[in-house]
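Q: Quick one: sequence plus predicted model below, questions after.
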Amino acid sequence: MKNGDIKEFLDLLYYGQELLFIFRGQKFFIEGWYKDGKARLVLDNVNIEPFSGYVWEYDAPTMKECADAFLAAPIWDGKEFLQVESEVEWTDW
C-alpha cells in the first residue's frame, strides 16, 4: 500500500471508519455504520457523477463480517483487495 500501512488500513476498515484511496487513477471511499442492529459497509467511486449507487455494499451482523466480505470480493479487475493492495494509494484528499 502506497502512503500508508496496510495493517493500519485494515484495522480501521474493521471498525468501519471512512477510508479514502486511489486505485488505478480512480478515487474511492469506503465507510461503515450500524443501523437497526446491523452493520453496513459501502464502497463508492467518487469519479462517477452523479451518484447512481454504490460500487459495492454489504450488510451483516458485525462490521468484521462486512470487512471480510469486502476483502474477499473480486471487484478489483477480478481480484480481491489484498491481491492488488500494492497498487492502492491511501489518501486523505
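A: The structure has been received and is ready for your questions.
Q: Residue 29 should be in a strand, yeah?
A: Yes. Under DSSP: H, G, I helix; E, B strand; the rest coil, residue 29 sits within a strand.
Q: Neighbours of it, how many?
A: Using other Cβ atoms under 10 Å, the number of residues around residue 29 comes to 15. C-beta coordinates here come from the backbone N, C-alpha and C atoms, glycine included.
Q: Return the distance of the residue in the chain sticking out farthest from the centre relative to residue 56.
A: The outermost residue of the chain relative to its centre, with distances by Cα atoms, centre = their mean, is residue 36 at 21.6 Å. Separation of residue 36 from residue 56 (Cβ to Cβ, to the nearest Å): 21 Å.
Q: show me where this protein has strands.
A: 19-23, 26-35, 38-45, 56-60, 88-91 (DSSP state E).
Q: got the contact list for the last one?
A: If I follow you right, that is strand 88-91. 1-4, 9, 19-23, 27, 81 (Cβ atoms under 8 Å, 6 or more residues apart in numbering).
Q: pretty sure residue 43 contacts residue 26?
A: No. If you go by Cβ atoms under 8 Å, residue 43 and residue 26 don't touch, sitting 11.2 Å apart.
Q: For the contacts of strand 88-91, give me TSV that also has neighbour count.
A: TSV is the format used below for the contacts of strand 88-91 (neighbours: other Cβ atoms under 10 Å):
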residue	neighbour count
1	17
2	12
3	11
4	16
9	19
19	19
20	15
21	22
22	17
23	17
27	16
81	23
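Q: beta partners of the residue nearest the centre of the chain?
A: For the chain, the residue nearest the mean C-alpha position is residue 30 (3.9 Å; Cα atoms, centre = their mean). Counting by DSSP bridges, residue 30 is bridged to residue 19, residue 43.
Q: For it, give its distance to residue 84.
A: 14 Å.
Q: cool, residue 43 as well?
A: On the measure of Cβ to Cβ, residue 43 and residue 84 end up 14 Å apart.
Q: Comparing those two, which residue is more hemmed in?
A: residue 43 (18 against 15).
Q: Show the contacting residues for that one.
A: Counted by Cβ under 8 Å, 6+ apart, residue 43 has contacts 28-30, 54-57, 70, 75.
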